[in-house]
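J.: Build me a structure from this.
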Amino acid sequence: MTLKTLFVTAILALAPALASAECQWKHETTASQCAEGQVFDAQTGTCVAQTTS
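T.: Sure, this is the predicted structure:
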C-alpha cells in the first residue's frame, strides 16, 4: 500500500469518531441540571442562586 492510501484509510476510519465526539463538546447547562436552590438564567446560560423577595 502506498502512503496516500494509508492516510485516506485512516481519515475515513476516524471520521465517525470525530463527528460523534463533537456533540459532547457542546455541553450546555439546562434548567434540570441546576442544583437545589438555584435557577437557570437563560441570558447567561448558567445556574445562579435563587433570590427571594
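J.: least trustworthy helix or strand in this protein by mean pLDDT?
T.: helix 3-25 (a mean of 77; mean pLDDT, DSSP states H and E).
J.: What is whatever helix or strand comes next after it packed up against?
T.: Moving toward the C-terminus from helix 3-25, the next helix or strand (DSSP states H and E) is strand 38-41. For strand 38-41, the packing partners by 3 or more C-beta pairs under 8 Å, 6 or more residues apart in numbering; DSSP states H and E come out as strand 46-49. Every residue, glycine included, has its C-beta placed from N, CA and C.
J.: ok, residues contacting the strand it packs on?
T.: The contact list for strand 46-49 (C-beta atoms under 8 Å, 6 or more residues apart in numbering) reads 29, 33-35, 37-41.
J.: in it, what counts as buried?
T.: C47 (16 or more other C-beta atoms under 10 Å).
J.: Dump that strand to PDB, keeping only the CA atoms.
T.: The C-alpha coordinates for strand 46-49 follow below in PDB (Å, rounded to 0.1, in the frame of the first residue of the first chain):
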ATOM      1  CA  THR A  46     -25.800  29.100  33.700                       C
ATOM      2  CA  CYS A  47     -27.300  28.300  37.100                       C
ATOM      3  CA  VAL A  48     -27.500  31.100  39.600                       C
ATOM      4  CA  ALA A  49     -28.500  31.300  43.200                       C
END
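J.: Direction included, what does that strand pair against?
T.: strand 38-41 (antiparallel) (DSSP bridges).
J.: Neighbour count added to the contacts of strand 46-49, as JSON lines?
T.: Output for the contacts of strand 46-49, formatted as JSON lines (neighbours: other C-beta atoms under 10 Å):
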{"residue": "T29", "neighbour count": "13"}
{"residue": "Q33", "neighbour count": "11"}
{"residue": "C34", "neighbour count": "17"}
{"residue": "A35", "neighbour count": "7"}
{"residue": "G37", "neighbour count": "8"}
{"residue": "Q38", "neighbour count": "14"}
{"residue": "V39", "neighbour count": "12"}
{"residue": "F40", "neighbour count": "16"}
{"residue": "D41", "neighbour count": "13"}
